[in-house]
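**Student:** Quick one, fold the following:
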Amino acid sequence: QVQLVESGGGLVQPGGSLRLSCAASGSISRIAAMGWYRQAPGKQRELVARITSVGSTNYADSVKGRFTISRDNAKSTVYLQMNSLKPEDTAVYYCNGEIKASGYVNYATYWGQGTQVTVSS
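**Tutor:** Have a look, this model is predicted:
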């Protein structure tokens with residue numbers, strides 16, 4: 001069984017910073033791309049940032065220059081450093097991973113349970 005567990009969300013004032021973490025655990029053979037998505041109330045889930053197994057990244061235009069995604073392959077963990085936070089960044093943030101579980105041929109998409117980020121004064 002493969003699990004993704006996020007941590008690091010919370011309440012922060014506009015202009016502040018937060019760092020989200022997402023650790024993959026279980027019977028994992030390989031991890032390909034990992035990413036962060038977010039869903040605000042009444043809106044569709046959207047991609048925030050994505051990173052491949054070799055470190056190539058892409059970001060939503062709304063977070064470029066403010067957010068940085070990184071990963072530690074030895075720890076099967078992906079991070080999202082969020083700086084200069086704005087009220088419009090308020091959402092539930094979800095971790096996502098393309099993971100090949102042990103004993104399986106194909107990769108499958110796994111999701112974390114989500115962590116709330118609230119930006120408010």
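**Student:** Nearest residue to the middle of the protein?
**Tutor:** Per CA atoms, centre = their mean, the C-alpha nearest to the average position across the chain is that of residue 36, at 2.8 Å.
**Student:** In the sheet, which residues pair with it? Tell me.
**Tutor:** residue 49, residue 95 (DSSP bridges).
**Student:** next one: residue 117
**Tutor:** Applying DSSP bridges to residue 117 gives these bridge partners: residue 10, residue 91.
**Student:** Show the model's pLDDT score for it.
**Tutor:** Listed pLDDT for residue 117 reads 98.
**Student:** number of nearby residues for it?
**Tutor:** Residue 117 is flanked by 22 other residues according to other CB atoms under 10 Å. Placement of C-beta: from N, CA and C, glycine included.
**Student:** could you list every residue that touches it?
**Tutor:** With contacts defined as CB atoms under 8 Å, 6 or more residues apart in numbering, the neighbours of residue 117 are 9-10, 12, 18, 20, 38, 82, 85, 89-93.
**Student:** Quick check: it vs residue 80, distance?
**Tutor:** Shown here: residue 117 relative to residue 80, a distance of 10 Å by CB to CB, to the nearest Å.
**Student:** who touches both of these two?
**Tutor:** Once CB under 8 Å, 6+ apart is applied, the residues that residue 117 and residue 80 both contact turn out to be 20, 93.
**Student:** I am assuming the residue nearest to the centre of the chain contacts residue 45, so please confirm or correct that.
**Tutor:** No. Counting by CB atoms under 8 Å, no contact exists between residue 36 and residue 45, whose distance comes to 10.8 Å.
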